[in-house]
Structures are given as structure tokens and as C-alpha cells.
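*Asks:* Curious how this folds, go ahead:
(2 chains)
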2 protein chains.
Amino acid sequence: MAEFLDTGVFRLVSPVTVLSYGSVAGSKEGQGPLGSCFDEVIEDSHFGRDTWEQAESQFQLEAVSIAVRKAGITKEDVHTICSGDLINQCIGSTYGLRELEIPFLGIYGACSTMAEGLIISSLLVASGASKCSAAVTSSHFSTAERQFRFPLSYGGQRTPTSQWTCTAAGAVILTDRSEGVRVTGGCIGRITDMGINDINNMGSAMAPAAAETIRRYLTATGTSPEDYDFIVTGDLGLVGSRLVIDFLLKQGIDISAQHRDCGAMIFDPDSQDTHCGGSGCGCSASVLCGHFLPLLENGSARNILFIATGALMSPMSLQQGESIPSIAHLVHFTRR
Amino acid sequence: MAEFLDTGVFRLVSPVTVLSYGSVAGSKEGQGPLGSCFDEVIEDSHFGRDTWEQAESQFQLEAVSIAVRKAGITKEDVHTICSGDLINQCIGSTYGLRELEIPFLGIYGACSTMAEGLIISSLLVASGASKCSAAVTSSHFSTAERQFRFPLSYGGQRTPTSQWTCTAAGAVILTDRSEGVRVTGGCIGRITDMGINDINNMGSAMAPAAAETIRRYLTATGTSPEDYDFIVTGDLGLVGSRLVIDFLLKQGIDISAQHRDCGAMIFDPDSQDTHCGGSGCGCSASVLCGHFLPLLENGSARNILFIATGALMSPMSLQQGESIPSIAHLVHFTRR
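*Replies:* Numbering: from 1, shown residues only, chains lettered A, B, ... in the order given. Take a look at the predicted model:
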């Protein structure tokens, strides 16, 4: 069961617990500051497959397989799986997870996918519909570049506000047992659009959505930033991270001490030429599973808000003169 | 609360009720056998907007607006909305619903979207996380043709097994009150792939997924086809409809008396040149909202299974030599 707190905001009353998680990252991510925390680093960007899209599917399947293996269960024990990615028609997910034969809910939240999947999986478990449910997502530098920007061989210059789509995947398995790291609440994001239309400045487009979701959850739960060890945004990058702190400060909420951003953490901007940091669904998913969930599990943290952010435009919507609508979904993890 | 029946199959214990619904269809759909049942028929395929993609967004917004109006509520009363469509990055949904500011869960299930959205909205309400949640989806002939097949001006010949993507949208609002048409259960589909790779024969690709989901729900609930007034598939069309009946017959399940298919119903194949029938997310959504939910509401039917089917490929996956994976999600509606 869940308790309705405010529009889109809920607290979970029944136990929903992290059973296991897995992360896989590509070569460049493996060379970054968090390189040692991922379960696997895959040097071959094709992951043994013929195309980048097939490689992304393989990353996603691998993340789920790791999580299933670490939990000591079989795929038949996972009753439902929620997944999506950035590729048109989410083929990274559908082809990647096809062989598992786990009942599948396809989602599209751009880079907010990991939080959205965790919210839906949590509700599947909390309602009793599934005893065990997984959330997974992925991104791949090469599938995203050719779809959203330019063919890689074109060698286009990247602007200072641009981010680097991570080649990575993360999977979390949730169950209804009562021990361990719990999901205790969530906030479903509103589509927010401040009129930004620069595809190379996604952090600025997504920061208002993150601020709105964080403010809404803190207000509905009557909590303040000091109640959390970390307030983790998905992939706002260096520019967007400054903006989300500023936006909230203007509303009297100071998250500067607790705030971390997966996109700002995953690469070293000085040595890795990644400009504003990492992005892509796999960025926040792999950093959540590689870095933050272990902190909760080993007792280094007890209370974390995870807010994955997504930019909901397409190349065609931008060609048609539209701005970039964004969204941010929040998942609250606790460990007693 | 929900009760777990089997992998992916659940029964809703808490009341989840249809508060309202709305349907909008395009000119060709309005001229079809079900033309008089839609809330609105829009003659202008651009719906007053500049592009087809913007028109599709307008169809989706209109369907939600009709449902909200018919319910006598305001958009602020809808706590969450689940939506997706066929356009890359689901921009029909994100731009269409942006101005509503309702907490938004983006989904991608191709033409299974209406059933997937209803399942997630049902669980939001059944768990207590939302008191009121909406599911909506749309499709547009012209956005789908240019994305999945050929530019319209190319004038390509259509094959006998092809279907016609409907220009239509449907929206359902669910609440936790106990009177009226109820959602009493559901079955989350498995990705099924029988190796079909003809983009002009989607009904054949999707029929095995529909058969698998129907069989699984009947088995888990211990029911048989005779327990239902109608077993309604989404958009298998004329070829796929024959196949789903045959597949199930081989497993000893005869749904021939109860089976209806929204894709086979929405057009007159003799006079409308639609070959195997209608398709697209908006097909099953508009037929559910325009035809089947009214039958439940006025007492002409008491027990309906709604199984929306989706083909999860993309133009790129087919170019890379992949087959077409499919999925079918089931929603069980009852009226006492």
C-alpha cells in the first residue's frame, strides 16, 4: 500500500526493498573517477555485437543478469520488469530484454527513466501485484550521437555546455521483504518547459524540472535538505547543477551541501574532454547502482533522494521550432 | 491493493473505477462503421496546427479534456497521467500534455499503450498513491506513415496485409470510488517474437503475443471465454484476428464467439480501402472509449477483456535485420 501525500507524491506503507542491483559501464566511463565502482567495465563499445544498437541491448541485458545473479535468484523469480531507453521506439530495451520472457512494461522518460522505472516497480510491489519487480535502463554514446546530433564520422565540434552520453546500464530488483535498503516514497514529475531550445544545453532545460520535483517532495513530506545524506540529481551536469541549486535557493531551500549530480561525477572534465559531464539514461542508472546504493547498503548513508531528469524533445520537435520540455522523477531510499 | 495471481497477472482488491472517458477520431475514422460513437470527429487532419506531430498532440489533449469535462472535474483533480504514442521520443504525448501540468509517466508500448497505461493507472489508484489517474494515447496516420514507412507524397503501394494507422485518441480517467465500471484485474505482457519481419504484416507479428496473454489470464483466473461478453484485441486486423483465434484453438481455448478486434471494426474494408483494418495506439484507445466502455456503462455488457497489442520494432531494427518483437497487455473490466 501507498499513502497519497499530494498530487504525484506518495509514501510507501508496505515494505518495498532493494534486493539487488547491477551496473555495467563502457571504457570511457571505466576510466572516470567512478570507474572502480561498476560491476563490469566493457572495453569493446560493440560488446561483441554487430551494431551499436545491439550493443546497447547487450549492456541492458548484462545489467539485469548481474542483478539477478547477485540476488541468487533466477529470472523466473522476477515477476515484472520496467525498462526504456533513448533509442527510437526504445529498441535498446525491447530487443535487450526479449529473451528474458519477464512480463515487460516499456517506459519512456528520456534520462529520467531509472527513477520512473523504480516508481512503477515500487508500486507493483507495494500494491501486491508483483512480489518482485525490476527497473533497468541504458544509454550508449554512439546510438545517441547519431540519433540526436550528428553521425560520429562527421566530427562535429561540441559546445562548452554539451554533455557526453554515457555508455552504461543499471538495473535494480525490488521485493516485498522488509530488511535492507527501502524505497519509502516518490514524486512523479510534471512536464516543465522554460523555453530552452538548445540541444547542447540540456542541463539548463532539465534543472527547473528537478527543482520543482525536489521542492514538491520536501513540502509534501515536511522535510528539509538536512534530513537527507544526499540529494542526487541524474544528469544535470556542471551548468544544470549550479542552476538547480540557485532555483531552489530563491525559494528558500538550500541543497548545496547535500547535492550531488551523477552527470557531474562520472567523468573528469579536465582530463576526459566531456565538457559539462555525462548524460543519458545509463548515467544516473549506473551511478545509482555503482555508487549510491552501495553507500546505503554499507551504512555510509541512511537517507537519499534520487532525482533522475529527462529532456522530452526529439530532433523533429526541435526542427519544428519547439522548445525542450523536461521532467524529473524522485525516488526516496532509506536504510534504518 | 492487488492480489498476485501468477507472474505478471493480478486481481485488484481495492476498487478502481472508470470515472470518465473521451474519444476523438479523424475524418476517415468518422466515416467508418463506428463513426457515430466517438465524442468528436475532427475533419481537419492538422487540427488547426502547423504540423502533423502537433496535430497528434492536439488529438491527445482533446481526448483528456473531453474526459475531464464529462467527469465534471478539473485537471487539478487528476493526480497522475500515463501516456505514450508511436512518434520517436513520444512527442505526441509530451508536447500534447505539457500544458496540463499533471504529474506524468511516459510509457512506450507501441499500439499496446492504452492497456499499459490503464494497468499503471490502476496500480497507482489501487495502491493508494493516486486517488485519480488517467491513461491516454493517440496515433496519427500521417505521423506514422512518414516515420515508419514512406513519405506520403511518395505514393507507395500498400500490400494486402497492411493496416491503416488510425488518426484518433482515447483517454480514460480512473478513481478509487466503488460504483460503476471497474477494473478488476490485468495481465502484463511478455515480449514475444516468432520471427516475423514484414512491417506490412503487423497483425501476424502481434497475434502470438495476444494469444499468450489471453491464455495466461484465463489460466491464472480459472476462467474460460464463456465468462466474458467480449474478448477485445487491439489492432490485429483481419489476418491477425484469424491467427489469434487459431493459436488459442490449438491450445483448447475457443474465443471465436467472444472475440472482437478494434482494428477490424473501425473501418469498412470494402469501401474504405484499408486492407486488413486499422492500427495505431489511437485505434484501440478510441474504440475502447467510443464503443466498449459505453456498452459496460449502459449494462449491455458486464465482463470484457481488453487486450491491446504492440509491435516493438523500429525502422532501424528492421534495417539491421531484426525480426518484430510484440507484446500484449490485458485489462479486465467488469460491471456488476
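*Asks:* got a list of what residue A:328 touches?
*Replies:* Counting by Cβ atoms under 8 Å, 6 or more residues apart in numbering or on different chains, residue A:328 makes contact with A:112, A:115, A:189, A:192, A:206, A:209-210, A:212-214, A:233-234, A:307-310. For the C-beta atoms, the positions are set from N, CA and C on the backbone; glycine is no exception.
*Asks:* now with 6 Å?
*Replies:* A:189, A:209-210, A:213, A:307, A:309 (Cβ atoms under 6 Å, 6 or more residues apart in numbering or on different chains).
*Asks:* Need the CA coordinates for whichever helix or strand it is part of. PDB is fine.
*Replies:* Secondary structure from DSSP states H and E places residue A:328 in strand A:326-334. Only the C-alpha atoms of strand A:326-334 are listed here, as PDB (Å, rounded to 0.1, in the frame of the first residue of the first chain):
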ATOM      1  CA  SER A 326      11.700  18.300 -19.200                       C
ATOM      2  CA  ILE A 327      10.700  16.100 -16.400                       C
ATOM      3  CA  ALA A 328      12.200  14.800 -13.100                       C
ATOM      4  CA  HIS A 329      11.000  11.900 -11.100                       C
ATOM      5  CA  LEU A 330      12.100  11.300  -7.500                       C
ATOM      6  CA  VAL A 331      12.700   8.100  -5.500                       C
ATOM      7  CA  HIS A 332      13.400   8.200  -1.800                       C
ATOM      8  CA  PHE A 333      15.700   5.400  -0.500                       C
ATOM      9  CA  THR A 334      16.200   4.800   3.300                       C
END
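*Asks:* Residue A:226: what secondary structure?
*Replies:* With DSSP: H, G, I helix; E, B strand; the rest coil as the basis, residue A:226 sits in helix.
*Asks:* If we ignore the residues flanking it in sequence, what's nearest the residue of the stretch 51-200 of chain A found nearest chain B?
*Replies:* Residue of the stretch 51-200 of chain A nearest chain B, by Cβ to the nearest Cβ: residue A:103 (3.0 Å). Using Cβ to Cβ, 6 or more residues apart in numbering or on different chains and skipping the chain neighbours, the partner closest in space to residue A:103 is residue B:8 (3.0 Å).
*Asks:* Now do the contacts for the one you found.
*Replies:* Counting by Cβ under 6 Å, 6+ apart, residue B:8 has contacts A:80, A:103, B:187-188.
*Asks:* Just give me the closest of those to residue A:326.
*Replies:* Closest approach to residue A:326 among the contacts of residue B:8 (Cβ to Cβ): residue A:80, at 27.2 Å.
*Asks:* Neighbours of that closest one, how many?
*Replies:* Residues lying near residue A:80 (other Cβ atoms under 10 Å in any protein chain shown) number 25.
*Asks:* Surely it and residue A:124 touch.
*Replies:* Yes: if you go by Cβ atoms under 6 Å, residue A:80 and residue A:124 touch, sitting 5.4 Å apart.
*Asks:* Give the residues shared as contacts by the two.
*Replies:* With contacts taken as Cβ under 6 Å, 6+ apart, the residues that reach both residue A:80 and residue A:124 are A:130, A:133.
*Asks:* Now, the contacts of residue A:328 that are in strands?
*Replies:* Under the assignment DSSP state E, the contacts of residue A:328 contribute A:307, A:309 to strands.
*Asks:* Relative to chain B, which of the contacts of residue A:328 is nearest.
*Replies:* Minimum distance to chain B across these is 6.4 Å, recorded for residue A:189 (Cβ to the nearest Cβ).
*Asks:* Neighbours of that closest one, how many?
*Replies:* The number of residues packed near residue A:189 is 29, by other Cβ under 10 Å.
*Asks:* and chain A, which residues reach chain B?
*Replies:* Counting by Cβ under 6 Å from any Cβ of the partner chain, the residues of chain A close to chain B are A:1-2, A:4, A:7-8, A:10, A:51, A:79-80, A:88-91, A:94, A:98, A:101, A:103-104, A:106-109, A:123, A:126-129, A:131, A:188, A:190-191, A:193, A:312, A:314, A:317, A:320, A:325.
*Asks:* how about the helices in chain A?
*Replies:* Secondary structure of chain A (DSSP state H): helices located at A:27-30, A:52-71, A:91-97, A:113-127, A:141-148, A:202-221, A:237-250, A:262-266, A:269-272, A:281-287, A:293-297, A:315-319.
*Asks:* Return the most buried member of those.
*Replies:* When neighbours are counted by mean count of other Cβ atoms under 10 Å in any protein chain shown, the highest per-stretch mean among those falls to helix A:281-287, a mean of 37.
*Asks:* Please state the offset of that helix from the chain centre?
*Replies:* Averaged C-alpha coordinates place helix A:281-287 at 5 Å from its chain's average position (Cα atoms, centre = their mean, to the nearest Å).
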